[in-house]
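**Student:** Give me the fold of what follows.
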Amino acid sequence: MSTKVAVHHDEHHDHPKGMKHWFTTTNHKDIGTMYLIFSLIMFFVGGLMILAVRAELFQPGLQLMKPEFYNQLIGNHALIMIFAALMPAATGFANWMIPLQIGAPDMALPRINNWGFWLLPVAATLLILPFILALFGVGDGGAATGWTLYAPLSVQGGMGVDFAIFAIHILGVSSVLGSINVIVTIFNMRAPGMTLMKMPLFAWGWLITAFLLVATIPVLAGAVTMLLTDRHFGTHFFDAAGGGDPILFQHLFWFFGHPEVYILLLPVWGFMPQILQTFSRKPIFGYKAQVFSLIAIGILSLVVWAHHFLTAGMPVPALLYFMYSTMSISLPLAVLFFCWIANIWKGALTFETPMLFAIGWIILFGIGGLTGLVLADVAADAQYHHSYFVVAHFHYTLFVGGIMGIMAGVYYWLPKMTGHMYNEKLGKLHFWLTAISFNLTFLPQFFVGLAGMPRRIPDYALQFAEFNAISSVGAFILGLSQILFVYNVIACARGGKKATDKVWEGAEGLEWTLSSPPPYHSFSKQPTIK
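**Tutor:** Coordinates of the predicted model:
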């Protein structure tokens, strides 16, 4: 009876067309596509902001902008890249792939799914609006506090700080709604026989991500609400003159801010083994080890937050605790690296674009991880803290670990999403341009940081001039090379060679991707490439 009703409803219901369709859709693939398109647009908005910064830093002295505007660009670049580019991209993949991978017809809460997306453009508008208003003489532009909104700067800052606070609230609501949706979908809508320990690693990565978001976003919301009341309602939570504690804000912010790093990376750690297994023609290595490592990293990420302010004057026992707990995260992460490398060891490798991005990702993300261990050392951090060494470290972590990882996922799943193949030559050119220009941009920043160049400063000593010029040239090449990526994605979506069941030549399609843990495999007899 219920089947007949459903068929009857489908025959006579007029589905909305055009923009109304996108505003009202509850289809997980449509919403996933919107997340990915929004992420790509904001990636370019945030990128243009930082290119203006690199133009200013091309040579010493103040050339193009006032220091206040420089600080506004840096803070908003980070907020946009983290909240409006990376997180929506990961959520787009979650919407597209989790129902397909666990055998669910859709996400569990489709209307909340739609609402969670449409909050994002509102929040992005709030982040960008102060700059537009400043052009008309209203306010003084965006938040000039860095993305961390540290008190007392943010207590005294201009209107841009209020916009940032409201944007963070809306982005937080969107993230929590998306996370609840993922948790409910995975626990309640898996196909019969799809136990938790048979789920693809991408679903595991996102399940842990969702729990982290639900645990930490309310703390950030509380912190920025307290900041708002300090600014406008006479409270003194973070105002030392009124008996408050500015360091309290840092504790509250980083209780969210450190897990946020893993929130951005866990989904990528989930789908990267699926890419590696496809192009090495080997099943996922160490499935259970990877699952337990992801869980361990998720738990540990909640108890290491104060390593972001080891120089703030905490007592020595606290410093030692945060140093050792931070270093302990390297153990499960090392297990993941071992599994990824073992996955391609003696495989029948081919180097299509997703595999190039995956191997480049392992190498460059490894640099990000190792330099993080250096920063975790309390004694060493006294020199490195707030230097360009930190900037280089977190870009090797977040640009490589996050954005280059997302690009690998886009190339890998584009045939699945569009039914067409992308241009392989353009994809490979995009990879090499991205990898080379990224290193050209950020390797020099390790050296100027070690030599003592502070971050967030628009001018610098002459001794840093050459490295900054190289870094700025690299940044512009990196930015321009992303136009290739956009062209390739749009051309693929609009048409091109049809994708077959066996998308990758010589690989067994995506069968291994969708069977986790995969069937027994003899490692002494590798499949040959036809």
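
**Student:** who are the neighbours in contact with Tyr487?
**Tutor:** The neighbours of Tyr487, taking Cβ atoms under 8 Å, 6 or more residues apart in numbering as the test, are Leu426. For every residue, glycine as well, the C-beta is placed using N, CA and C.

**Student:** And for Ile132, the neighbour number?
**Tutor:** Neighbourhood size, Ile132 [other Cβ atoms under 10 Å]: 12.

**Student:** so is it in a helix, a strand, or just coil?
**Tutor:** State at Ile132, reduced to three classes by DSSP: H, G, I helix; E, B strand; the rest coil: helix.

**Student:** Extract the C-alpha set from stretch 481-499 and format it as CSV.
**Tutor:** In CSV, the C-alpha atoms belonging to stretch 481-499 read as follows (Å, rounded to 0.1, in the frame of the first residue of the first chain):
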residue,chain,number,x,y,z
SER,A,481,47.1,27.7,-11.0
GLN,A,482,43.8,27.1,-9.2
ILE,A,483,42.1,28.6,-12.3
LEU,A,484,43.1,25.3,-14.1
PHE,A,485,41.3,23.4,-11.4
VAL,A,486,38.0,25.4,-11.8
TYR,A,487,38.2,25.1,-15.6
ASN,A,488,38.7,21.3,-15.4
VAL,A,489,35.9,20.8,-13.0
ILE,A,490,33.4,22.9,-15.0
ALA,A,491,34.4,21.3,-18.3
CYS,A,492,33.9,17.8,-16.7
ALA,A,493,30.5,18.7,-15.3
ARG,A,494,29.3,20.1,-18.6
GLY,A,495,30.4,17.1,-20.7
GLY,A,496,33.3,15.2,-21.9
LYS,A,497,34.2,11.5,-22.2
LYS,A,498,31.6,9.3,-20.5
ALA,A,499,32.8,7.6,-17.3
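
**Student:** Check which residues of it are buried.
**Tutor:** Of the residues in stretch 481-499, those buried under the neighbour-count criterion (16 or more other Cβ atoms under 10 Å) are Ser481, Gln482, Leu484, Phe485, Asn488, Val489, Cys492, Ala493, Gly496, Ala499.

**Student:** Just put those residues in JSON lines and tack on secondary structure.
**Tutor:** Written out in JSON lines, the entries for the buried residues of stretch 481-499 read as follows (three-state DSSP):
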{"residue": "Ser481", "secondary structure": "helix"}
{"residue": "Gln482", "secondary structure": "helix"}
{"residue": "Leu484", "secondary structure": "helix"}
{"residue": "Phe485", "secondary structure": "helix"}
{"residue": "Asn488", "secondary structure": "helix"}
{"residue": "Val489", "secondary structure": "helix"}
{"residue": "Cys492", "secondary structure": "helix"}
{"residue": "Ala493", "secondary structure": "helix"}
{"residue": "Gly496", "secondary structure": "coil"}
{"residue": "Ala499", "secondary structure": "coil"}
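
**Student:** out of these, who's nearest Pro88?
**Tutor:** Nearest to Pro88 among the buried residues of stretch 481-499 is Val489, at 15.4 Å by Cβ to Cβ.

**Student:** packing partners for the helix ranked longest in the chain?
**Tutor:** Criterion DSSP state H: the longest helix present in the chain is helix 246-280. For helix 246-280, the contact count by 3 or more Cβ pairs under 8 Å, 6 or more residues apart in numbering; DSSP states H and E identifies helix 87-102, helix 201-232, helix 287-300, helix 330-344, helix 353-376, helix 405-418 as packing neighbours.

**Student:** between these, which gets nearest to Ile263?
**Tutor:** For those, proximity to Ile263 was assessed by Cβ to Cβ; helix 201-232 is nearest, at 5.2 Å.

**Student:** ok, and the closest non-adjacent residue to Pro16?
**Tutor:** Once its chain neighbours are removed from consideration, Pro16 has its nearest residue in Thr24; the separation is 5.7 Å (Cβ to Cβ, 6 or more residues apart in numbering).

**Student:** Excluding sequence neighbours, find me the nearest residue to Phe279.
**Tutor:** Excluding its sequence neighbours, the residue lying closest to Phe279 (Cβ to Cβ, 6+ apart) is Met355, at 3.8 Å.

**Student:** What is the neighbour count of that neighbour?
**Tutor:** Neighbourhood size, Met355 [other Cβ under 10 Å]: 22.

**Student:** Please report the distance of it from Ala348.
**Tutor:** Spatial separation of Met355 from Ala348 under the definition Cβ to Cβ, to the nearest Å is 12 Å.

**Student:** Pull up the overlap in contacts between these two.
**Tutor:** Contact criterion Cβ under 8 Å, 6+ apart; no residue bridges Met355 and Ala348 by contacting each.

**Student:** what about the one helix or strand Ile477 maps to, distance to the chain center?
**Tutor:** Secondary structure here is read from DSSP states H and E; on that basis Ile477 sits in helix 465-494. For helix 465-494, the gap between its own C-alpha mean and the chain's C-alpha mean amounts to 18 Å (Cα atoms, centre = their mean, to the nearest Å).

**Student:** Go ahead and name everything in contact with stretch 134-153.
**Tutor:** Residues external to stretch 134-153 that are found in contact with it (Cβ under 8 Å, 6+ apart): 68-69, 71-79, 82, 127, 130-131, 133, 154, 157-161, 163-165, 224, 227, 230, 238-240, 244, 246, 249-250, 253, 257, 456.

**Student:** Please repeat the previous calculation with a cut-off of 6 Å.
**Tutor:** Contacts of stretch 134-153 with the rest of the structure, by Cβ atoms under 6 Å, 6 or more residues apart in numbering, involve 68, 71-72, 75-76, 78-79, 130-131, 133, 154, 157-161, 164, 238, 246, 249, 253.

**Student:** Counting only helices, which of those make the cut?
**Tutor:** Taking DSSP H, the ones among the contacts of stretch 134-153 that sit in helices are 68, 71-72, 75-76, 78-79, 130-131, 133, 154, 159-161, 164, 246, 249, 253.

**Student:** Any of those buried? List them.
**Tutor:** Looks like the ones in helices among the contacts of stretch 134-153 have 71-72, 75-76, 78-79, 130-131, 133, 154, 159-161, 164, 246, 249, 253 buried, using 16+ other Cβ under 10 Å.

**Student:** re the thing from before, with respect to Ala408, which of the buried residues of stretch 481-499 is nearest?
**Tutor:** Distance to Ala408 across those (Cβ to Cβ) is lowest for Phe485, with 11.6 Å.

**Student:** For Tyr411, see how far away the closest one is.
**Tutor:** Separation of Phe485 from Tyr411 (Cβ to Cβ) stands at 9 Å.

**Student:** Could you do Ala89 as well?
**Tutor:** In this view, Ala89 and Tyr411 are 13 Å apart by Cβ to Cβ.

**Student:** Next: Ala469.
**Tutor:** Remark: distance between Ala469 and Tyr411 (Cβ to Cβ) = 32 Å.

**Student:** any idea how far the residue nearest to Asn423 when sequence neighbours are not counted is from Phe431?
**Tutor:** Across the structure, with Cβ to Cβ, 6+ apart as the measure, the residue nearest Asn423 apart from its sequence neighbours is Asn488 (5.5 Å). Spatial separation of Asn488 from Phe431 under the definition Cβ to Cβ is 11 Å.

**Student:** Equivalent analysis for Phe279, please.
**Tutor:** 13 Å.

**Student:** leaving aside the residues next to it on the chain, what's closest to Tyr70?
**Tutor:** Counting by Cβ to Cβ, 6+ apart, Tyr70 lies nearest to Pro458, which is 4.2 Å off, once chain neighbours are set aside.
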